[in-house]
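**Q** just the structure for this:
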Amino acid sequence: MNTTDLGLPMTVPADGLPARVRIHEVGARDGLQNEKATVPTAVKAEFVRRLAGTGLTTIEATSFVHPKWVPQLADAEDLYQAVADLPVALPVLVPNERGLDRALALGARRVAVFASATESFARANLNRTVDEALAMFEPVVRRAKAQDVHVRGYLSMCFGDPWEGAVAVPQVVRVCRALLDMGCDELSLGDTIGVATPGHVTALLAALAGAGVPVSALGVHFHDTYGQALSNTLAALQQGVTTVDASAGGLGGCPYAKSATGNLATEDLVWMLRGLGIDTGIDLGRLVATSVWMAAHLGRPSPSRTVRALSHQEQ
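**A** So this is what the prediction gives:
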């Protein structure tokens, strides 16, 4: 399927938006990690290869977490070796120093740590306080940077927490500053349960700028639980953000939010950006075909509205 076969949006640029956006594709890791049925390593590898063929330049491959915690990613070594030859960035999640050791042994050049803006989620996800988790990540980041490895810091629960409710902006800013100060090259601001709205996004980004956090170091990671992911993304773009996380076909969800519809679909994002005249370098037709292929392997249609509209998937 080529983009010439598709009905594409009219391009109508808007003032104050970036000329190009880098999409940080998370479908192969974040999108698949909560699947109950084991996805074969060969299928995951083919998924990553097909994603690379769409023009995506950053594809998060896997996580070097203990298989006991995320059984779906028990094949991290095998998967990474199966796709390491691709000419794209292949970041991997490393929860601790042992995970970093495993990633470095395979030659990984981009890693990510996963922190929390709230105490409740830090306890639930890492069995630590926020500060204890930061202390655990500090040697990971230091060692990675000593080997000139790019480090991304994920920050979850930036806008709302299922136990604590709304999250105060200064609380998020504090943890962002800590991650940057320990050496992270880039931060991803996560709306883990999908409760953010555009005004909240704008306020957080303004506060981060006021705290000396450069917008060039920020990415956004929105969930579409309440249908706000695209509007929140547009608000972020208006503040100068040029890195947006998304998941092909809308794969993935949040186990902490009832009825969560998962990650922002990469296809939905590309459709909006194309309409705004913002370059992504992505072939939308190939991306839709890839998500249809993956949906067939998972045995259910893609939740992405754009995939459904352009592929005529059965509803």
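
**Q** okay, now the unreliable bits of the stretch 201-315 of the chain?
**A** Scanning the stretch 201-315 of the chain with the threshold set as pLDDT under 70 gives 254-261, 313-315.

**Q** just the strands from it, written as ranges.
**A** Secondary structure of the stretch 201-315 of the chain (DSSP state E, counting those that start in this stretch): strands at 218-222, 243-246.

**Q** figure out how far the last one is from the centre of its chain.
**A** Relative to the mean C-alpha coordinate of its chain, strand 243-246 is positioned 6 Å out (CA atoms, centre = their mean, to the nearest Å).

**Q** got it, and the first one?
**A** Relative to its chain's centre, strand 218-222 lies at 7 Å (CA atoms, centre = their mean).

**Q** sheet partners, orientation included, of it?
**A** strand 186-191 (parallel), strand 243-246 (parallel) (DSSP bridges).

**Q** can I get these in TSV including mean neighbour count and distance to residue 15?
**A** Where you see a C-beta, it was placed from the backbone N, CA and C, and this is true even at glycine. Supplementary listing: the strands paired with strand 218-222 in TSV, determined by neighbours: other CB atoms under 10 Å; distance: least, CB to CB, whole Å:
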stretch	mean neighbour count	distance to residue 15
strand 186-191	24	24
strand 243-246	25	19
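
**Q** can you redo the ones you listed as CSV with distance to residue 224?
**A** Rendered in CSV, the data for those read as follows (distance: least, CB to CB, whole Å):
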stretch, distance to residue 224
strand 186-191, 9
strand 243-246, 10
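
**Q** what about those, which gets the closest to residue 99?
**A** When the strands paired with strand 218-222 are compared by CB to CB, strand 186-191 sits nearest residue 99, at 17.4 Å.

**Q** list of residues touching the closest one?
**A** Here strand 186-191 makes contact (CB atoms under 8 Å, 6 or more residues apart in numbering) with 24, 112, 150-160, 172, 176, 179-180, 204, 213, 217-223, 229, 232, 243, 245.

**Q** ok, stretch 37-55 next?
**A** Outside stretch 37-55, the residues within contact range by CB under 8 Å, 6+ apart are 25, 27-28, 32, 59, 61-62, 71-72, 75, 78-79, 82-83, 86-88, 90, 248, 280-283, 286-287, 289-290, 293-294, 297-298.

**Q** got the CA positions of it in CSV?
**A** Taking C-alpha atoms only, stretch 37-55 is exported to CSV below (Å, rounded to 0.1, in the frame of the first residue of the first chain):
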residue,chain,number,x,y,z
ALA,A,37,-0.3,-14.2,24.5
THR,A,38,3.4,-14.5,23.7
VAL,A,39,4.3,-12.8,20.4
PRO,A,40,7.0,-14.9,18.7
THR,A,41,10.4,-13.2,18.5
ALA,A,42,10.4,-13.6,14.7
VAL,A,43,7.1,-11.7,14.5
LYS,A,44,8.5,-8.9,16.7
ALA,A,45,11.6,-8.7,14.6
GLU,A,46,9.6,-8.5,11.4
PHE,A,47,7.4,-5.8,12.9
VAL,A,48,10.5,-3.7,13.7
ARG,A,49,11.9,-4.3,10.2
ARG,A,50,8.6,-3.2,8.6
LEU,A,51,8.4,-0.2,10.9
ALA,A,52,11.9,0.8,9.7
GLY,A,53,10.7,0.4,6.1
THR,A,54,8.1,3.2,6.7
GLY,A,55,10.7,5.9,7.3
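
**Q** rounded mean pLDDT for stretch 39-46, please.
**A** Computed over stretch 39-46, the mean pLDDT rounds to 98.

**Q** what about that stretch, distance to the chain center?
**A** 19 Å.

**Q** over to stretch 197-210?
**A** In terms of CA atoms, centre = their mean, the centre of stretch 197-210 is found 19 Å from the chain centre.

**Q** now do the buried residues in that stretch.
**A** Counting neighbours by 16 or more other CB atoms under 10 Å, one finds that the buried residues in stretch 197-210 are 200, 201, 204, 205, 208.

**Q** next one: stretch 142-156
**A** By 16+ other CB under 10 Å, the buried positions in stretch 142-156 come out as 143, 144, 149, 150, 151, 152, 153, 154, 155, 156.

**Q** out of the residues you listed, list just those in helices.
**A** Judged by DSSP state H, the buried residues of stretch 142-156 include 143, 144 as members of helices.
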